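[1] Fold the following for me, if possible:
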Amino acid sequence: MDETDYIIVGAGSAGSVLADRLSANGRHKVTVLEAGGSDRRFYIQMPLGYGKLFYDPKVNWLYRAEPDPGLAGARDHWPRGKVLGGSSSINAMVYIRGHKADYDDWGRYNPGWSWDDCLSAYKAMEDNEAGGDDWRGQGGPLFVSANKSGLHPLVEHFVAACDQGGLPPTPDFNGASQEGAGVYQMTIKSGRRNSAARAFLRPAMRRANLAVITGALVCRVLVEDGRAVGVEYRQGGVMRTLRARGEVILAGGAINSPQLLQLSGIGPGGLLQSLGLPVVRDNPNVGDHLSDHQGVNYTWSMNVPTYNDELRPWWGKMRAGMQYLLTRGGPLAKSINHAGGFFRTRPDLDRPNMQLYMQAFSTLIPRDGERPVLNPDPWSGMSIGLSNCRPTSRGHIRLRTADPGTHPVITANAFSTNHDVEEMLAAVKYLRYIAAQPAMARLIKEELRPGPKVVTDEDLIADFRARSGTVYHPSCTCRMGPDAATSVVDARLRVHGVAALRVIDASAFPSIIAGNTNAPAMLMGWKGADLVLADAR
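    Have a look, this model is predicted:
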């Protein structure tokens with residue numbers, strides 16, 4: 001039986017930041033337990049390699065949601081990182097903080113989490129290639145690429161078409177105004193993925209007071225007299241115990257953290273009893289309030305070359321590969337989402353409610369075992385995706401069995417409210433409106449998906465129900481709030497009713513953020529570490 005000061009469960013986006021900051025002063029012994037293995041893999045480090053990781057069990061939990069009526073009965077694929085860096089090691093690397101009003105919503109019931117509080121933390125955390133200003137940080141540990149060079153020529157046409165369609169350009173989605181169209185910032189540095197592991201965990205692993213144990217599946221939190229005192233974990237088929245002199249911190253994300261709480265007897269009492277688990281703390285909110293962005297792509301064949309033409313033929317792959325190996329440049333050095341936008345489906349809304357993703361390629365032809373980013377369609381194709389920013393549909397995470405190695409039940413309940421259906425209907429109509437603008441229309445040969453025959457509201461709704469799916473932003477399943485009647489953790493991220501136990505990851509979001517959730521997940525780790533260290537004094 002070993003002892004440490006702080007146990008961090010999960011070396012993902014939040015866990016990597018926690019490991020760095022809690023070990024930085026050298027006074028605390030910090031141990032990170034990660035179920036996955038090393039991130040030293042070529043397709044992790046090469047930015048466009050994430051398509052190869054989409055179905056790779058060596059780095060991916062490969063979750064499947066339950067059949068969803070809102071998605072025409074489909075069982076959606078939910079990739080989550082099972083590797084150092086977590087999902088920041090397998091994601092599409094778009095860096096979006098979210099709308100400032102989202103954080104003011106957080107701070108209304110959770111002191112210390114308003115936009116001003118979070119902006120100062122973001123600026124301390126970041127090293128933005130575009131430089132520091134009132135909005136951007138410079139000199140922090142997380143390099144953020146401004147993504148201004150090597151863009152596909154279609155980006156310019158996309159931004160112009162948005163402008164012609166009433167969505168003007170914005171120079172910085174993380175700046176003064178999120179609304180508009182423009183280029184996405186990326187967690188890419190020198191042509192390599194800049195995951196949370198690379199930016200935070202790897203430098204911290206040089207410290208003698210930080211231990212990172214991989215291949216360690218945490219099975220339960222040990223609670224004695226209402227206090228978390230350690231964890232049990234399985235490594236190489238052997239059960240081990242690690243005790244914490246300070247605190248146990250769960251940073252497993254929106255699926256693993258509520259799963260582990262429930263395995264530890266903290267969650268819906270009836271469910272736990274039905275599985276033969278002792279009830280340590282009855283809280284039905286554990287695993288509830290699941291929020292996620294749902295997205296759909298529209299795809300066109302084009303009159304001009306796209307990345308399909310570069311990456312589909314063998315000689316194009318060879319050229320792109322040599323360019324990347326020799327210069328760390330070319331299409332393999334970027335995410336496929338070069339640009340995008342945020343817009344409102346109704347003018348009376350106080351902030352954008354939909355997000356756009358412009359992709360100068362298409363992948364209508366599937367490939368077994370991968371997301372065919374590196375093997376696009378054999379024609380010049382382009383896709384524009386969109387996702388809802390603030391859905392009202394709610395799902396939940398529940399234990400399937402008492403076995404820690406069994407995937408939990410994921411019930412997404414996508415498009416289960418009229419609000420979400422009406423928003424998406426308005427959004428797909430606007431997406432077609434953008435494509436019909438002169439800057440884009442003259443380059444388009446034909447709409448391939450869903451196709452020109454899909455025009456009525458009923459058909460458009462049926463189409464996006466059949467083709468939509470998660471855009472990989474699950475959150476809120478251990479949400480923050482003032483009391484256990486509606487939440488799991490308080491504003492200091494402490495689990496209600498259990499001492500020395502915190503949840504610090506995207507599951508603790510009080511509500512979902514408008515945009516990609518990797519940046520706010522790292523923010524949770526940054527601010528969470530401040531809270532842990534302050535309470536240790």
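[2] how about the helix or strand hosting residue 241: buried residues?
    Using DSSP states H and E, the element containing residue 241 is strand 238-250. Neighbour-count burial for strand 238-250, counted by 16 or more other CB atoms under 10 Å, picks out 240, 242-244, 246-250. (C-beta placed from N, C-alpha, C; glycine too.)
[3] Describe which strands that strand pairs with in its sheet and in which direction.
    strand 2-9 (parallel), strand 227-235 (antiparallel), strand 501-503 (parallel) (DSSP bridges).
[4] Contacts only, for residue 266.
    221, 223, 280-281, 283, 286, 495, 498 (CB atoms under 8 Å, 6 or more residues apart in numbering).
[5] okay, these in CSV with distance to residue 527 next?
    Shown next, in CSV, are the contacts of residue 266 (distance: CB to CB, whole Å):
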residue, distance to residue 527
221, 22
223, 25
280, 27
281, 24
283, 23
286, 22
495, 17
498, 21
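[6] Closest one to residue 351 out of those residues, please.
    residue 286 (29.7 Å; CB to CB).
[7] if you skip the residues just before and after it, what's nearest to that closest one?
    residue 267 (3.7 Å; CB to CB, 6 or more residues apart in numbering).
[8] go on, residue 378?
    Residue 378's closest residue in space is residue 312 (CB to CB, 6+ apart), at 5.5 Å.
[9] and that neighbour, how many residues sit next to it?
    When neighbours are defined as other CB atoms under 10 Å, residue 312 has 21 of them.
[10] Identify the residues contacting residue 351.
    Contacts of residue 351 by CB under 8 Å, 6+ apart are 99, 101-102, 178-179, 344, 514.
[11] Mind doing that once more with 10 Å?
    98-102, 178-179, 342, 344, 389-390, 514 (CB atoms under 10 Å, 6 or more residues apart in numbering).
[12] So which of the residues you listed sit within strands?
    Judged by DSSP state E, the contacts of residue 351 include residue 342 as members of strands.
[13] Out of the contacts of residue 351, the closest to residue 201 would be?
    Out of the contacts of residue 351, the member with the shortest distance to residue 201 (by CB to CB) is residue 98, at 23.4 Å.
[14] Could I get the contacting residues of the residue lying farthest from the centre of the chain?
    In the chain, the greatest distance from the average C-alpha position (CA atoms, centre = their mean) is reached by residue 225, at 35.4 Å. Residue 225 makes contact with residue 499 under the criterion CB under 10 Å, 6+ apart.
[15] Okay, helices next: where are they in the stretch 401-537 of the chain?
    All helices of the stretch 401-537 of the chain, identified by DSSP state H, counting those that start in this stretch, fall at 418-435, 438-441, 457-467, 518-535.
[16] Assign residue 198 to helix, strand or coil.
    helix (DSSP: H, G, I helix; E, B strand; the rest coil).
[17] Who are the contact partners of it?
    Contacts of residue 198 (CB under 10 Å, 6+ apart): 16, 39, 44-45, 84-85, 88-89, 142-143, 187, 189, 192.
[18] Repeat that for residue 445.
    Per CB under 10 Å, 6+ apart, neighbours of residue 445: 300-304, 379-382.
[19] and which of those residues is nearest to residue 108?
    Among the contacts of residue 445, and counting by CB to CB, the member closest to residue 108 is residue 382, at 40.8 Å.
[20] Around residue 350, how many other residues sit close by?
    8.
[21] scratch that, residue 441
    For residue 441, using other CB under 10 Å, the count is 14.
[22] now it, nearest residue through space, not along the chain?
    Using CB to CB, 6+ apart, the closest residue to residue 441 is residue 435 (6.8 Å).
[23] what's that neighbour in contact with, if anything?
    158, 161, 165, 298, 300, 382, 384, 441, 443-444, 447.
[24] for residue 334, same thing?
    So residue 334 contacts 47-48, 93, 145, 147, 149-152, 184, 186, 188, 191, 307 (CB under 10 Å, 6+ apart).
[25] Strands of the stretch 351-500 of the chain, start to end?
    354-359, 381-388, 396-398, 409-411, 444-449, 469-470 (DSSP state E, counting those that start in this stretch).
[26] Ok, which of those strands comes nearest residue 537?
    Per CB to CB, nearest to residue 537 of those: strand 396-398, 34.3 Å.
[27] any idea how far the closest one is from the chain center?
    Centre-to-centre, strand 396-398 and its host chain are 18 Å apart (CA atoms, centre = their mean, to the nearest Å).
[28] Pull out the buried residues from that strand.
    Neighbour count says strand 396-398 has 396-398 buried, by 16+ other CB under 10 Å.
[29] and that strand, what other elements does it pack with?
    Packing contacts for strand 396-398, counted by 3 or more CB pairs under 10 Å, 6 or more residues apart in numbering; DSSP states H and E, involve helix 253-263, strand 409-411.
[30] For residue 130, find the nearest of these.
    helix 253-263 (29.1 Å).
[31] Tell me the helix or strand right after the closest one.
    strand 266-267.
[32] Pairing partners for that next one, with directions?
    strand 281-282 (parallel).
[33] I'd like the next helix or strand past the partner strand.
    Counting by DSSP H and E, what follows strand 281-282 is strand 294-302.
[34] immediately after that next one, which helix or strand?
    Strand 294-302 is succeeded, C-terminally, by helix 307-311 (DSSP H and E).
[35] For the following helix or strand past that following helix, which outside residues touch it?
    Of the helices and strands lying after helix 307-311 in sequence (DSSP H and E), the nearest is helix 314-327. With contact meaning CB under 10 Å, 6+ apart, helix 314-327 is reached by 46-49, 191, 307-311, 313, 329-333, 374-376.
[36] Pull out the buried residues from helix 314-327.
    316, 320, 323-324.
[37] quick one on the thing from earlier: may I see the helices of the stretch 401-537 of the chain organised as CSV, with distance to residue 121 and mean pLDDT added?
    CSV is the format used below for those (distance: least, CB to CB, whole Å; pLDDT from 0 to 100):
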stretch, distance to residue 121, mean pLDDT
helix 418-435, 30, 98
helix 438-441, 38, 98
helix 457-467, 36, 98
helix 518-535, 5, 98
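[38] Walking through the stretch 1-150 of the chain, point out its strands one by one.
    With DSSP E, counting those that start in this stretch as the criterion, the stretch 1-150 of the chain has strands spanning 2-9, 30-33, 63-64, 77-78, 126-128, 142-144.
[39] Packed most tightly, which of those strands would that be?
    Of all these, strand 30-33 has the most neighbours on average by mean count of other CB atoms under 10 Å, namely a mean of 25.
[40] list the helices and strands it packs on?
    So strand 30-33, by 3+ CB pairs under 10 Å, 6+ apart, packs with strand 2-9, helix 13-23, strand 210-213, strand 216-224, strand 227-235, strand 238-250.
[41] hmm, back to that, out of the buried residues of helix 314-327, which one sits closest to residue 26?
    Looking across the buried residues of helix 314-327 and measuring by CB to CB, the closest to residue 26 is residue 324, at 38.6 Å.
[42] Check whether the nearest residue to that closest one once chain neighbours are set aside sits in a helix, strand or coil.
    Spatial nearest neighbour of residue 324, chain neighbours left out: residue 332 (4.1 Å); criterion: CB to CB, 6+ apart. Three-state assignment for residue 332 (three-state DSSP): helix.
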